[in-house]
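Enquirer: fold the following.
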Amino acid sequence: MKAIWNGEVIAQSDKIINLEGNKYFPAHAVNPAFLKKSETHTVCPWKGHASYYDIVVNGKINKDAAWYYPDPKPMASKIKNYVAFWKGVEIKS
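Expert: Below is the predicted model of the structure:
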């Protein structure tokens, strides 16, 4: 699977976790050159606190287009060290 935005592959892996309609990529499969930490944080009642990245490709910014759970609650522990995408990021097999 690949996560693509603005013509660049942001992440690529065969070890995807599908959860609530989102595809989570292992953090090591995500190209850090395209990520910039965001100040945005949200809370999911069963997964815990989410943190976000802006995706930056060729000078264009996709604000908060990637998220992860740095310390998920026990029921969501399988997505620790995984990153998911939205906001126009295309997921292809």
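
Enquirer: any idea how far K73 is from the residue nearest to F25 when sequence neighbours are not counted?
Expert: Nearest residue to F25, sequence neighbours excluded (C-beta to C-beta, 6 or more residues apart in numbering): A11, at 4.2 Å. No exception for glycine: its C-beta is placed from N, CA and C like everyone else's. To K73, A11 is 24 Å away according to C-beta to C-beta, to the nearest Å.

Enquirer: of these two, who's got more company?
Expert: A11 (28 against 13; other C-beta atoms under 10 Å).

Enquirer: part of a strand, is that one?
Expert: Yes - using DSSP: H, G, I helix; E, B strand; the rest coil, the assignment for A11 is a strand.

Enquirer: who are the neighbours in contact with it?
Expert: K2, A3, F25, A29, V30, N31, V83, F85 (C-beta atoms under 8 Å, 6 or more residues apart in numbering).

Enquirer: ok, what's across the strand from it?
Expert: A3, V30 (DSSP bridges).

Enquirer: let me see the ranges of the strands in the protein.
Expert: For the chain, the strands defined by DSSP state E occupy 2-5, 8-12, 17-19, 22-26, 35-44, 48-57, 60-68, 82-85, 90-92.

Enquirer: so which of those strands is the most surrounded?
Expert: strand 82-85 (a mean of 24; mean count of other C-beta atoms under 10 Å).

Enquirer: can you name the two of the contacts of A11 that are farthest apart?
Expert: Spatially, the most separated pair among the contacts of A11 is K2 and V83, at 13.2 Å (C-beta to C-beta).

Enquirer: any weak-confidence spans in this protein?
Expert: Low-confidence segments of the chain (pLDDT under 70): none present.

Enquirer: ok, and what's touching stretch 70-82?
Expert: Residues contacting stretch 70-82 (C-beta under 8 Å, 6+ apart): 17, 19, 24-28, 44, 46-49, 51, 68-69.
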